[in-house]
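Undergrad: Got a sequence here, can you build the structure:
(chains A and B)
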2 protein chains.
Amino acid sequence: MKPVLYGYFRSGTTWRVRAALNYKGVAYDYVPVNLVKGEQSQAGFKARNPQGLVPALEVEGATLTQSPAILEWIEETWPQPALLPGDPMLRAKVRAFCAAIGCDIHPIQNLRVLKKVKALTGAEEAGPDWARHWITLGFEALEEMVSPLDGAGGFLFGEGPSMAEIYLMPQMFNAERFGVDLEPFPKLVAANAAAQAVPEFAAAHPSRQPDAG
Amino acid sequence: MKPVLYGYFRSGTTWRVRAALNYKGVAYDYVPVNLVKGEQSQAGFKARNPQGLVPALEVEGATLTQSPAILEWIEETWPQPALLPGDPMLRAKVRAFCAAIGCDIHPIQNLRVLKKVKALTGAEEAGPDWARHWITLGFEALEEMVSPLDGAGGFLFGEGPSMAEIYLMPQMFNAERFGVDLEPFPKLVAANAAAQAVPEFAAAHPSRQPDAG
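TA: Reported below is the predicted structural model:
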């Protein structure tokens, strides 16, 4: 029974799940949920996920939500090829990198928060300014968290790509979209390039999804 | 060699780590980092954690950061008593509950974000209003994510407390501090009460820390 992924082509958290499934070689069906049209807040989708957020992954008759939880489930269900290193301390480093994006950057620059910032200030530019502020602050820490680069082959931690790259790619995409100055972050830029060269990750890019518009 | 926890009594993310260590029966040393005085942003602490955030856990000569990563490391290092259920689908449900707080509520109502909201609007009440908005929105989803309550003994998932309670307690504390109306969330209130009755969790409460002021 193929998993069914509910998501949106430009959703960074959906992108993470696509990248992980591709990397594990797991075939899945994809059901687009149009965030711009507000489909995530409609009763049909909220019955599936009360948070009204994508992604949601339907497996074995249940619906998994929250990309960090889905990614851990994927790693437990299909351990190879691994997205977390075997060494516990290195696993913790990878997970810390992921959480620094997944908790402290991405949700603060998410669409629903930017809408609220705009509503509060009434200024069109307030949202993008806000996003640039938090992404830049977060990237300053991330650039140091991989200093010196632990990985070979241009990857952040270990010999191959890991969950760290899976979190980095969509966040870097957002950084570019908001016009964040990436010059101070050469390690992140290099790691992102290495990640994009992995075919399974490249296939997870928003531009290559059926709902890309 | 005892782990050393760098944290702050009222930091919700430090609270999570205290609760987990206590529950596992792991003795640790505690080094307060005064967030109100800005000690987390000083060079001494940032050498330890480039993000300038608590908690940080020093173990085996390394420093672990980001509470979600630290909690997973604790669970892997001291598997019993378990804070994650054995069943993979239930693990995913617990982790989703944790992430719904750890990604989509807590960081958005964190002190540094509230300061920014206040700076943007110039209004004293804008920060607390903002916090109440995101906590309420998040709790509406959480209340449904535990419907019907999966656990026995008043716990959220399974027979005993889990990581879900560890995330819930500090978030509920913040909700009360900001004056969120908790009437619509009877399940969360009940689960929080059950969690506070666990002695190892009670000992992790901010009021019982050496730096409580």
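Undergrad: longest helix of chain A?
TA: Secondary structure of chain A read by DSSP state H shows that its longest helix is helix A:126-145.
Undergrad: The helix or strand following that helix packs against which elements?
TA: Going down the chain from helix A:126-145, the next helix or strand is helix A:163-177, by DSSP states H and E. Secondary-structure packing of helix A:163-177 (3 or more C-beta pairs under 8 Å, 6 or more residues apart in numbering or on different chains; DSSP states H and E): helix A:12-24, helix A:67-77, helix A:88-102, helix A:126-145, helix A:186-196, helix A:199-202. No exception for glycine: its C-beta is placed from N, CA and C like everyone else's.
Undergrad: would CSV of those helices with distance to residue B:1 be doable?
TA: Listed next are these as CSV, based on distance: least, C-beta to C-beta, whole Å:
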stretch, distance to residue B:1
helix A:12-24, 35
helix A:67-77, 28
helix A:88-102, 14
helix A:126-145, 24
helix A:186-196, 31
helix A:199-202, 39
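Undergrad: which residues does the spatially closest residue to residue A:178 that is not a sequence neighbour contact?
TA: Of all residues not flanking residue A:178 in the chain, residue A:131 sits nearest, at 4.6 Å (C-beta to C-beta, 6 or more residues apart in numbering or on different chains). Contact analysis of residue A:131 by C-beta atoms under 8 Å, 6 or more residues apart in numbering or on different chains lists A:109, A:114, A:174, A:178.
Undergrad: Please report how far residue A:131 lies from chain B.
TA: 12 Å (C-beta to the nearest C-beta, to the nearest Å).
Undergrad: sorry, back to before: between the helices and strands packed on helix A:163-177, which one is nearest to residue B:13?
TA: Taking C-beta to C-beta, helix A:88-102 is the member of the helices and strands packed on helix A:163-177 nearest to residue B:13, at 10.0 Å.
Undergrad: mind checking pLDDT for the residue lying farthest from the centre of chain A?
TA: The C-alpha centroid of chain A is most remote from residue A:122, which lies 29.0 Å away (C-alpha atoms, centre = their mean). Reported pLDDT at residue A:122 in the predicted model: 92.
Undergrad: Backbone torsions only: list them for residue A:62.
TA: Dihedral pair for residue A:62: phi -110, psi 160, per degrees, to the nearest 10.
Undergrad: you'd agree it is up against residue B:88?
TA: No. At 10.4 Å, residue A:62 does not count as touching residue B:88 under the criterion of C-beta atoms under 8 Å.
Undergrad: These two - which one has more neighbours?
TA: The residue with more neighbours, out of residue A:62 and residue B:88, is residue B:88; 16 against 11, by other C-beta atoms under 10 Å in any protein chain shown.
Undergrad: what's downstream of the helix or strand bottoming out on mean pLDDT in chain A, the next helix or strand?
TA: Ranking every helix and strand in chain A by mean pLDDT, DSSP states H and E puts helix A:43-48 at the bottom, with a mean of 90. As assigned by DSSP H and E, the chain's next helix or strand after helix A:43-48 is strand A:56-59.
Undergrad: Show me the domain layout of chain A.
TA: A:4-81, A:88-200 (automatic domain parsing).
Undergrad: Redo those domains as a markdown table? Include distance to residue B:38.
TA: A markdown table is the format used below for the domains of chain A (distance: least, C-beta to C-beta, whole Å):
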| stretch | distance to residue B:38 |
| --- | --- |
| domain A:4-81 | 29 |
| domain A:88-200 | 15 |
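Undergrad: Out of those, which is closest to residue B:94?
TA: domain A:4-81 (8.0 Å).
Undergrad: Now do the end-to-end distance for the closest one.
TA: Using C-alpha to C-alpha, to the nearest Å, one end of domain A:4-81 lies 21 Å from the other.
Undergrad: Give me the below-cutoff pLDDT ranges for chain A.
TA: A:147-152 (pLDDT under 70).
Undergrad: what sits against residue A:41?
TA: By C-beta under 8 Å, 6+ apart, residue A:41 lies in contact with residue A:52.
Undergrad: Could you report the neighbour count for residue A:167?
TA: Neighbour tally, residue A:167, other C-beta under 10 Å: 30.
Undergrad: whoops, I mixed them up, residue A:43
TA: 7.
Undergrad: just residue A:200 next, same as before
TA: For residue A:200, the count of nearby residues is 16 (other C-beta under 10 Å).
Undergrad: That one is in contact with residue A:22, isn't it?
TA: Yes. In this structure, residue A:200 is within contact of residue A:22 by C-beta under 8 Å, at 3.9 Å.
Undergrad: didn't residue A:84 look like it was pressed against residue A:75?
TA: Yes. Applying C-beta under 8 Å as the test, residue A:84 and residue A:75 come out as touching, 5.7 Å apart.
Undergrad: picking that back up, what does the least confident helix or strand of chain A contact?
TA: A:6, A:33, A:39-40, A:52, A:56, A:58, A:63.
Undergrad: Separate out the buried members of those.
TA: With burial judged by 16 or more other C-beta atoms under 10 Å in any protein chain shown, the buried subset of the contacts of helix A:43-48 is A:6, A:33, A:39-40, A:52, A:56, A:58, A:63.
Undergrad: which residues sit against stretch A:192-210?
TA: Contact with stretch A:192-210 is made by A:9-10, A:15, A:18-19, A:22-23, A:25, A:30, A:32, A:153-155, A:161, A:165-166, A:168-169, A:172-173, A:212, as judged by C-beta under 8 Å, 6+ apart.
Undergrad: Since that was my last question, I'll sign off now.
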